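Trainee: No letters, just coordinates:
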């Protein structure tokens, strides 16, 4: 796995449920407003068959976002999960991330701690968003959870209620100008699709996308969908409204 570095200093934080995350020191940020982006990637054993293609997809998302006129207003965190939740890198300015850093970055194997991973990332968005807002930055956020399986090994978030409460706090406390969450189901297993749709509703996630099998063409479509969604969310910042959900 490559070593991920950033020229700006990173700080470590803990969320309400004691999940840990890192983020660039607010003092080093140069813009006045940011869209906080998190991509949560399933790396359970069943993802092994399309690991390399998924890494290419992540790099394509970065490359597309770097071409956006809003690229200097994006902060990105990348998280992987199997039996445990692991931060590949914390919230960093997208402009400082090289797509080559994502070469051979995913380590696959084990179960699916879907609830823990989602709770971790919602709570991290909530806390870092508050940190930025308290320093007078304008912020909104979007979260993508990519998985091909059902929850089976979470240790902290035993039910989706933890996630639902965290999303509710973000919305009711007006920590962020807006927050969107997107669950992306990979594969054609109907039982998994049904379970993920149920998880989406119980956790209060905004949108479920049924991607189908992880073919190169579908993954290219996924990269386009995520990069367009990030761009739309960033462009909505300052309007007081969330971006509209896009069609996959």
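Mentor: Yep, it's here. It should be emphasised that the depicted structure is a prediction, and the values quoted were computed from it without experimental measurement. Numbers count the residues shown, from 1 in each chain.
Trainee: List the buried residues in the helix or strand bottoming out on mean pLDDT in the chain.
Mentor: Confidence across the helices and strands of the chain bottoms out at strand 10-14, with a mean of 92, counting by mean pLDDT, DSSP states H and E. Residues of strand 10-14 classed as buried by neighbour count (16 or more other CB atoms under 10 Å): 10, 11, 13. (Each C-beta comes from the backbone N, C-alpha and C, glycine too.)
Trainee: hmm, who's touching the host helix or strand of residue 57?
Mentor: Secondary structure from DSSP states H and E places residue 57 in helix 51-66. The contact list for helix 51-66 (CB atoms under 8 Å, 6 or more residues apart in numbering) reads 39, 41, 43, 47, 71, 74, 76, 78, 94-95, 97, 99-100, 102-106, 108, 146, 214, 216, 219-220, 222-224, 226-227, 230-231.
Trainee: what packs against the helix or strand encompassing residue 223?
Mentor: Under the criterion DSSP H and E, the helix or strand holding residue 223 is helix 216-236. Applying 3 or more CB pairs under 8 Å, 6 or more residues apart in numbering; DSSP states H and E, we find helix 216-236 packed against strand 33-42, helix 51-66, strand 138-147, strand 179-186, strand 207-212.
Trainee: any idea of the angle the helix or strand just after the longest one forms with strand 33-42?
Mentor: The first helix or strand that comes after helix 51-66 along the chain, using DSSP H and E, is strand 74-81. Taking axes from the mean of the first three to the mean of the last three CA atoms, to 10 degrees, strand 74-81 and strand 33-42 form an angle of 20 degrees between their directions.
Trainee: For the closest residue to residue 10 other than its chain neighbours, what is the enclosing helix or strand?
Mentor: Of all residues not flanking residue 10 in the chain, residue 22 sits nearest, at 4.8 Å (CB to CB, 6 or more residues apart in numbering). Element membership of residue 22 [criterion: DSSP H and E] is strand 20-24.
Trainee: Please work out which residues outside that strand touch it.
Mentor: With CB under 8 Å, 6+ apart as the test, strand 20-24 has contacts from 6, 8-15, 75, 77, 87, 89-93, 120, 124, 127-128, 131.
Trainee: Now which of those would you call buried?
Mentor: 6, 10-11, 13, 15, 75, 77, 87, 89-93, 120, 124, 127-128, 131.
Trainee: For the nearest residue to residue 131 once chain neighbours are set aside, list the residues it contacts.
Mentor: Distances taken as CB to CB, 6+ apart place residue 26 nearest to residue 131, at 6.2 Å, with adjacent residues excluded. For residue 26, the contacting residues are 131, 132, 135, 137, by CB under 8 Å, 6+ apart.
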